[in-house]
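# turn this into a model:
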Amino acid sequence: MVFDRLEPEDPVDEFVAVDLADTEATARALERALAGRTVTRLVNNVGAVRPALLEDATLDDFDYLMALNVRSAIQCTKAVAPGMRAAGFGRIVNVSSRSVRGKELRTNYAATKAALIGLTRTWALELGADGITVNCICPGPTATELYVEANPPASPRTKAALAAIPAGRIGTPEDMAHAIAFFLDERSSFVTGQAIMVCGGSSLGARESYAPA
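Just a heads-up that it's a prediction; the model follows:
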């Protein structure tokens, strides 16, 4: 298995730490991970945000986020796809973001995460005949270190976003894992090319309160 970040207690057969923004290092890690084995399930779950308003967003940040969030997904998928084709089975899940529907301070980030939806649909068409499905989840606000870093709890924007979630709570990593597990399941063979919002309804717009008539 290849991981950019992993908690020490997570159960894996092999842990390979790598900076997925580094093309050569990622290539070496993939070679090691695939040595003597075929990988039939891949989750491209990578992310950095670097929030900024449009006028403050830099092209250097754009290039970095494209390399990390998009290029690494292409590189990893290219590496495992031949083995999946040979096995006649594969499950690929890309992790995008609810921000593709629009969010302030996300010019560069939203662009990269929207690209993953395009890749999902393209790969679903290209790989489907070989028993490989490709799907995508778009997480909404989720209680992770990355979310807190990009969305300071004291920020009025953060408070407003959380208050508007129809489900009435922030998401958890377990919520995302459950959605990913569905797409990875062998029984999910008739679902491909889909991008599902796992966002507590936040992609629907702000909820409204109604006073009794």
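# make it CA atoms for all contacts and neighbour counts henceforth
OK.
# next, count neighbours for residue 157.
If you count neighbours by other CA atoms under 10 Å, residue 157 ends up with 13.
# before we move on, what about residue 151?
As a measure of burial, residue 151 has 17 neighbours, counting by other CA under 10 Å.
# and for residue 78?
Neighbours of residue 78 under the rule other CA under 10 Å: 11.
# repeat that for residue 130.
15.
# let me see the contact set for it.
Going by CA atoms under 8 Å, 6 or more residues apart in numbering, residue 130 touches 84-85, 88-89.
# and those residues, which are buried?
Buried residues within the contacts of residue 130, counting neighbours by 16 or more other CA atoms under 10 Å: 84-85, 89.
# could you tell me how many residues sit around residue 205?
Neighbour number of residue 205 under other CA under 10 Å is 11.
# and it, how far is that from residue 106?
17 Å (CA to CA, to the nearest Å).
# break down this protein into its strands, ranges please.
For the chain, the strands defined by DSSP state E cover 2-3, 16-17, 41-44, 90-95, 132-139, 195-198.
# now render those as JSON lines, adding mean pLDDT and mean neighbour count.
What follows is the strands of the chain, written out as JSON lines (pLDDT from 0 to 100; neighbours: other CA atoms under 10 Å):
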{"stretch": "strand 2-3", "mean pLDDT": "46", "mean neighbour count": "20"}
{"stretch": "strand 16-17", "mean pLDDT": "85", "mean neighbour count": "16"}
{"stretch": "strand 41-44", "mean pLDDT": "98", "mean neighbour count": "20"}
{"stretch": "strand 90-95", "mean pLDDT": "98", "mean neighbour count": "25"}
{"stretch": "strand 132-139", "mean pLDDT": "98", "mean neighbour count": "26"}
{"stretch": "strand 195-198", "mean pLDDT": "98", "mean neighbour count": "20"}
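# now residue 153: closest residue in space, sequence neighbours ignored.
residue 159 (6.8 Å; CA to CA, 6 or more residues apart in numbering).
# can you get me a residue count around that neighbour?
Neighbour tally, residue 159, other CA under 10 Å: 13.
# wait, isn't it in contact with residue 148?
No. The criterion here is CA atoms under 8 Å, and residue 159 misses it with residue 148 at 11.7 Å.
# who's in contact with residue 78?
Under the contact definition (CA under 8 Å, 6+ apart), no residues are listed for residue 78.
# biggest helix in the chain by residues?
helix 107-127 (DSSP state H).
# report the angle between that helix and strand 132-139.
With axes from the mean of the first three to the mean of the last three CA atoms, to 10 degrees as the basis, helix 107-127 and strand 132-139 are set at 160 degrees to each other.
# picking up where we left off before, how about CSV for the buried ones among the contacts of residue 130, with pLDDT and distance to residue 176 added?
Output for the buried ones among the contacts of residue 130, formatted as CSV (pLDDT from 0 to 100; distance: CA to CA, whole Å):
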residue, pLDDT, distance to residue 176
84, 98, 24
85, 98, 27
89, 98, 23
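# pretty sure residue 167 contacts residue 200?
Yes. At 4.9 Å, residue 167 counts as touching residue 200 under the criterion of CA under 8 Å.
# who's more crowded, the two?
residue 200 (20 against 14).
# in the chain, what helix or strand scores lowest on average pLDDT?
Sorting the helices and strands of the chain by mean pLDDT, DSSP states H and E puts strand 2-3 at the bottom, at a mean of 46.
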